[in-house]
Each structure stands twice: as structure tokens, then as C-alpha cells.
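Q: build me a model:
(one chain, ligands or ions: 1)
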Amino acid sequence: MISLFTAKTGNSIASRCREDEATRLRLRYKPYYHTFDRQVGTHVWLGGAEMVMLSSNDYLGLTHHPKVIEAAQRGLAEWGTSTTGARLSNGSRSYHQQLEEKLAAFLGKEACHISVAGYISCMSAIQAFAQKGDVVLGDKNLHSSIWAGIGLTQAKAERFAHNNPEDLRELLSFESPETPKIVAFEGVYSMEGHIAPIPEILTVTAEHNCFHVMDDAHGFGVLGQHGRGTANHFGVTGKIDLIAGSFSKALASTGGFVAGSREVIEYLRSHSKQTIFSAALAPAQAYAAEAALDLLQSEPEHLRRLWDNTRRYKEILHDLKLDTWGSETPAVPIVLGTKERAYRFWQHLMDHGVFTVMSIAPAVPPGKDLVRTAISACHTDEDLSKIGDAMAFAARRL
Ligand SMILES: Cc1ncc(COP(=O)(O)O)c(C=O)c1O
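A: Residues are numbered from 1 along each chain as shown. Predicted coordinates:
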């Protein structure tokens, strides 16, 4: 008897799936989709082996903070598991509004809109605003979520060289002054750990009729006063029209936000397909994010510890002469240059109990194949020492 699960279908999409080289290689070398059996703070267990997690975005280490856990449990007890409806129709709750008001006030913006994922928020930050006849100019290294948002519009897309305001200036010079323009960049680039040169970008865009969208998924909670993010770090919050971000990094939850002026956020609520046609953020996730947001202000020691750990970690990498692509933040790539070297380095770290993630071209520019690491406030002295030993071992075998 032919099993339902093994029968091979004859259509071309099914054949494409069966023959896909990327999937074949992934299943053979198993670099991704690892499933942990257990987690305690920065430690995870994989197939019985205990490892230090060095690639999570739990920057402030709040995923296991008792106040965050207690808040999530309260959210469940008070509201159940899901809203089962979109904000526009029947999914809006007072806890959504409360979190939006707190976030807007924290960021220094008039209004905020939250959604189920940072990816969705970033998409909507472009999709809701860009129309046919507009131009979206994005940094070449922008996260997939912004490109996905652009892809849903009929606007023209242009890419400027990474963190290069002069290239942006040149692209802008080809556009007519009347053309509506969106300039999109990240506050902190997730793969590279670079901070965007926002003051220089703003100087270039000043005369060009631009709407500025910043994805600050990795700057929020990490840079600025109490973690208010990259715009606050540079003192330019008023000049960024939309700040988008994620709850799945420093805020120890899932979900995302966009913040801006009241009229811009209300416009987004009318035009974001991601908002209109998708269920609202679940109670436990919103409560966890709000508790973490409160902790950013009431317990600044987590942010201090994050930066202390970052400095110590970078010293280790610097002493080993590893290339960190000039990372300025707790998101730290180790550039190996080829996929073979990146794979070997990653495997040595795994063998020595340190879990990281490999990123290879085309996900990164050619020659920049890397192992992506990120430091957390929760990494202990013992963790850092174990990380140092594993890095030294892997570096010796390059
Ligand atoms: C720069 C950037 N933007 C957006 C996102 C999406 O965030 P989320 O995980 O909340 O969907 C990520 C997540 O990796 C990211 O790195």
C-alpha cells in the first residue's frame, strides 16, 4: 500500500520542493532549525548536551525575569489565550491601548500601533505608506521585513550602499523634487551590529521631501537613555517619521510596533493590510512586553550589564584577532569570509558547547560569510569564560 505521506506527487511545484538544493544541503549539514529540549537562562540543551546560547536576541535577559513571567500569566488569567480577531473589528483590548500609550511616551512619539510580530510591523511601515509614483530608498543591508513591505507596493525601489549617506545623496539627485520619497534604514543592523549614521542621513535628506522609516528592532532596549533606541541615542527622535521595532529582542516577548505622529499612525490603521486582516497581539505577549518595558526604566542594571558583557566579549574576540566587521553593539558577527570556513568555525563552537548561527551569502554580501553572535545581560562570568575557550579553539583551527 502506498503511504499517503510518502507518495510522490507529479506536479512541478512538488518536484521543485523535492529537488531544491538549499533544502538538500540544509538537511545534510543541519546548521539550522535546531530544537532545544530545555532552556534555563542563557543555557540550552540540545540532544542532552548543555550549551551556552550565544545567538539569541534576549539582549537584556528578561525572558526569564520573574516580573515578566508573572505579567504574562496575569494576561492569560485575565483575558484568555487569544483575541481571535483583528484590531479593526473585534480584537482591540484595553491592554493593547495601554501598551501603545506607554511605548509612544517612552519613545517620545505621539502614538504607536502594535502588531503580532516585528516583521509585520516593519512591513506595514512601508506597505501602508508607499504608492505608485513614490520612491522607496533603502539601505542595501536592510532586513527582509522592509523589503517584503516594499514588495507589496507599486512604488519604485532603490538601494543605497550600506551606511553610505553619500550614495543616498547621489540617488536622491536623480529624483524629481515633487516625487514622494521614503528613506528606510535600520537603527542597528542586525547582522553587522553597525549603527546607522542617522544625523548624516538626515543632512542628506533635508532638502528632498523624504519620509523617514527606521527599523529599530536591535537598537530598541540597547541604545539611548534607558534603551529608548537609536533615534534617542542621536537626539533625532523628532525627525524620524516612523520608528518600527520588535518585542522579540530586548522586550522578551513576541510582537512589534510602529510609532510616529498621531496622524501617521491613524493613517497606518486605515491602510495597513497586516493590521486590518490579521488578529491582534495575544494577551500574554502584550503583558510580557509591557512588564519588560517597565523594567527598562525601573531596573537600568540590565542595560549596564549588557554593555559590560559586550565590552568584555569584544575584548576576547579582539585578542583572538577575529573580524567583527566593526560591530558597535551587542550584535556581533564573526566574519569568516567563505561558507566552508564559517561552517567549520560554527561546528567547532558547537562541539565546545557554544550555540551560534551561521549566515552565508546571499543572506550576507559575498565574502562576508559569518557566524552571528549576540551578547545578553544574562551571560555570566562563567559563560564568558566558556565562550572565550570555545572561540580560542575555533580560531586556532581556522
Ligand atoms: C532588523 C529586524 N527587523 C525586524 C525583525 C522582525 O522581528 P520579529 O522577530 O519580531 O518578527 C527582525 C527579526 O529578526 C530584525 O532583525
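Q: what's the helix or strand for residue 34?
A: Here residue 34, judged by DSSP states H and E, is contained in no helix and no strand.
Q: neighbours around it, how many?
A: Per other CB atoms under 10 Å, the neighbour tally for residue 34 reads 13. Just so you know, the C-beta spots here come from the backbone N, C-alpha and C atoms, and that holds for glycine as well.
Q: okay but it is in contact with residue 46, surely?
A: Yes. If you go by CB atoms under 8 Å, residue 34 and residue 46 touch, sitting 5.9 Å apart.
Q: pull up the overlap in contacts between the two.
A: Both residue 34 and residue 46 are contacted by residue 355, under the criterion CB atoms under 8 Å, 6 or more residues apart in numbering.
Q: got a list of what the residue of the stretch 251-398 of the chain found nearest the ligand touches?
A: Residue nearest to the ligand within the stretch 251-398 of the chain: residue 256 (4.9 Å; CB to the nearest ligand atom). Neighbouring residues of residue 256 by CB under 8 Å, 6+ apart: 114-122, 217, 244-248.
Q: which phi and psi does it have?
A: Main-chain dihedrals, residue 256, degrees, to the nearest 10: phi -150, psi 170.
Q: just the helices in the stretch 201-350 of the chain please.
A: Under the criterion DSSP state H, counting those that start in this stretch, helices of the stretch 201-350 of the chain are mapped to 230-234, 262-271, 273-276, 283-298, 301-319, 339-351.
Q: now the stretch 1-150 of the chain
A: Using DSSP H, counting those that start in this stretch, helices in the stretch 1-150 of the chain cover 12-19, 21-29, 66-79, 94-107, 118-127, 144-151.
Q: any idea which of the ones you listed gets closest to the ligand?
A: Using CB to the nearest ligand atom, those put helix 118-127 closest to the ligand, at 2.5 Å.
Q: so where's the stretch 201-350 of the chain shaky on pLDDT?
A: Applying pLDDT under 70 to the stretch 201-350 of the chain picks out no residues at all.
Q: would you mind listing what in it touches the ligand?
A: 215, 217, 218, 246, 248, 256 (CB under 6 Å from any ligand atom).
Q: possible to save those residues as CSV with distance to residue 352?
A: Converted to CSV, those look like this (distance: CB to CB, whole Å):
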residue, distance to residue 352
215, 34
217, 29
218, 26
246, 30
248, 27
256, 35
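Q: ranking these by neighbours, who comes first?
A: Among these, the one with the most neighbours (other CB under 10 Å) is residue 215, at 35 neighbours.
Q: quick one: contacts for that one?
A: 122, 125, 142, 143, 145, 146, 184, 185, 186, 187, 244, 245.
Q: what about residue 187, neighbour count?
A: The burial count for residue 187: 28, using other CB under 10 Å.
Q: the closest residue to residue 45 other than its chain neighbours: neighbouring residues, count only.
A: In this structure, residue 45 finds its nearest non-sequential neighbour in residue 38, 4.2 Å apart by CB to CB, 6 or more residues apart in numbering. Neighbour count for residue 38, taken as other CB under 10 Å: 10.
Q: kindly report the same for the one 4 residues further on.
A: Other residues near residue 42 come to 23 when the count uses other CB under 10 Å.
Q: pretty sure it contacts residue 53?
A: Yes. Counting by CB under 8 Å, residue 53 is a contact partner of residue 42 at 5.2 Å.
Q: ok so, going back, mind putting the helices of the stretch 1-150 of the chain in a markdown table, mean pLDDT and mean neighbour count included?
A: Formatted as a markdown table, the helices of the stretch 1-150 of the chain follow (pLDDT from 0 to 100; neighbours: other CB atoms under 10 Å):
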| stretch | mean pLDDT | mean neighbour count |
| --- | --- | --- |
| helix 12-19 | 94 | 10 |
| helix 21-29 | 93 | 10 |
| helix 66-79 | 98 | 16 |
| helix 94-107 | 98 | 18 |
| helix 118-127 | 98 | 28 |
| helix 144-151 | 97 | 19 |
